[in-house]
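J.: Dropping the sequence and predicted coords here.
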Amino acid sequence: MDSLFAREMGEVENAFLAAPFEADGWNAALRLLARRTRSSRAQLLGIGDAATLFNFLPDIDTAYQREFEEIEGWRPDVNWRVAVSARPLEILSEAHYDIARQHSGTDDYEEHIRRWDGVHGCQTTLVEGEGLLVGLAALRSEDDGRTEQRDRKLFAAGATCALAAVRMQQAIAQRGAAMTVGAFDAIGVAAFLIDRHGAVAALSAAAEAIVGASGGDALCLRRGRLGAARRDADMSLQAGLARALDGTSPDEAMQQHWIGSPDAGVGGLLCELFRLPRREWDFGFEPRVLVVARPAADIPAVRTAPLRAALGLTAAEAEIALRLANGEAREEIATTRGTSPQTLGTQIKSILRKSDVGREAELAALVNRLLR
């Protein structure tokens, strides 16, 4: 190995190892990899469940990202680079691309790669599994020509350190999640961090106590996912989590959901869902949603007056709405008021209509927002 090649290889390796810790570190590493492999660009691509999680190419026009999404470039039947299968850190290049082009790819993708200087090059898989595929590639234009052995050897050295850097980025994300729930532990708050799959990535001690307790608790864990014991509340919670994870609506940055207990006489929980901000270099490891659960504390009956004024309820309807917000079951309310379940059901329908909500859980969350 000549001294120049050894020096260039060391530079690329060091750039990737430093990438998670330096401002603009990943861009710097990808730029250097492109220069040292004599390529137009270097790319770090993450593909999740039938979607692109990230597609990092330094200094490229935003039109590239928009076009990649429009042609669904993450799909193996569209993008022959994605269709090429290999073991992690196995280097694939033009000889493999020539074969893959015969069985996969579309005209749209061919036009796309010619426009953005990606006709030739080499690639490898860094991470495969956990619902995530992370690939590294050097992209070369027609003018750049095909890669040579020297280019591929240097690319392979960079890929090994890029894998270590991606794993370090994952460890940093996990450490950040642990520190976050640790902060909630210090103040005794029940907090759940939800990952991009909708699974609980970390939870505070108070949250663990809620879902770990026996009996008819309001919240539970099902195969690592946060749920509610009552079916109607669970439907509302799952829909809210889906909207928060989707992240397309600016109005869903914070949501409130009332999760009533399935046991009569046992208070429910007010769950607040916060969509977490996305970092510039988000590899899909970071939590996406924070859920804070607060136990119900009885709202005094004297608060029915402002509730009547705010929602236009009768005195009886305000009392019922208040008792629902305090976590009381329908059966208990009907018994203590001396009415039949059918009469109570009719009253609750009237309350929902006047309050412009569709479910009791939404009504309880609304009352809590108004009166707590």
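T.: Okay, I see it.

J.: mind checking the SS state of residue 14?
T.: helix (DSSP: H, G, I helix; E, B strand; the rest coil).

J.: nearest residue to it other than its sequence neighbours?
T.: The shortest distance from residue 14 to any non-neighbouring residue, by CB to CB, 6 or more residues apart in numbering, is to residue 161 (7.8 Å). All C-beta atoms are positioned from the backbone trio N, CA, C, and that covers glycine.

J.: my guess is that neighbour contacts residue 20, does it?
T.: No - using CB atoms under 8 Å, residue 161 is not in contact with residue 20; the gap is 11.2 Å.

J.: just to revisit the earlier point, pull out the buried residues from the helix or strand hosting the residue nearest to residue 14.
T.: Assessed by DSSP states H and E, residue 161 sits inside helix 149-186. Neighbour counts over helix 149-186 (16 or more other CB atoms under 10 Å) mark 151-155, 157-159, 161-166, 169-170, 173, 177, 180-181, 184-185 as buried.

J.: coming back round to it: can you pull the pLDDT of the residue nearest to residue 14?
T.: With respect to pLDDT, residue 161 scores 95.

J.: which residues of this protein fall in helices?
T.: 3-18, 25-36, 62-70, 80-83, 94-101, 107-115, 149-186, 205-212, 231-246, 304-311, 315-325, 330-337, 341-355, 360-371 (DSSP state H).

J.: Poorly predicted segments of this protein, please.
T.: Within the chain, the stretches with pLDDT under 70 are 1, 50, 213-217, 248-253, 260-267, 296-303, 327, 371-372.

J.: Could you chop it up by domain?
T.: For the chain, automatic domain parsing gives the domain ranges 3-172, 187-296, 299-372.

J.: which residues sit in contact with residue 51?
T.: Going by CB atoms under 8 Å, 6 or more residues apart in numbering, residue 51 touches residue 74.

J.: quick one: it from residue 191, how far?
T.: 27 Å (CB to CB, to the nearest Å).

J.: Residue 318 now?
T.: Using CB to CB, residue 318 is found at 32 Å from residue 191.

J.: now residue 77
T.: 42 Å.

J.: quick one: which of those two has more around it?
T.: Taking other CB atoms under 10 Å, residue 77 and residue 191 do not tie; residue 191 has more neighbours (22 against 13).

J.: which residue sits closest to the more buried one in space, ignoring its chain neighbours?
T.: Distance criterion CB to CB, 6+ apart; nearest residue to residue 191, sequence neighbours excluded, is residue 184 at 3.9 Å.

J.: In contact with the one you found, which residues?
T.: Contacts of residue 184 (CB under 8 Å, 6+ apart): 190-191, 204, 206-207, 292.

J.: of all the helices of the chain, which lies closest to residue 273?
T.: helix 231-246 (5.1 Å; CB to CB).

J.: Quick one: list the elements packing against that closest one.
T.: Where contact means 3 or more CB pairs under 8 Å, 6 or more residues apart in numbering; DSSP states H and E, helix 231-246 is packed against strand 190-194, strand 225-228, strand 254-259, strand 269-275, strand 289-295, helix 360-371.

J.: burial count for residue 224?
T.: Residue 224 - counted by other CB under 10 Å - has 11 other residues nearby.

J.: Quick check: the gap between it and residue 282.
T.: Residue 224 is 21 Å from residue 282, by CB to CB.

J.: same check, this time on residue 76
T.: Separation of residue 76 from residue 282 (CB to CB) stands at 23 Å.

J.: and if you look at residue 6?
T.: 34 Å.

J.: okay, these two: which has more neighbours?
T.: Set residue 6 next to residue 282 and count neighbours by other CB under 10 Å: residue 282 wins out with 17 against 11.

J.: Enumerate every residue touching the residue lying closest to the more buried one once chain neighbours are set aside.
T.: With CB to CB, 6+ apart as the criterion, residue 282 has its nearest non-adjacent residue at 6.2 Å, and that residue is residue 54. Applying CB under 8 Å, 6+ apart to residue 54 gives the contacts 44-46, 281-284.

J.: what is residue 54 paired to in the beta sheet?
T.: Beta-bridge pairing for residue 54 (DSSP bridges): residue 46.
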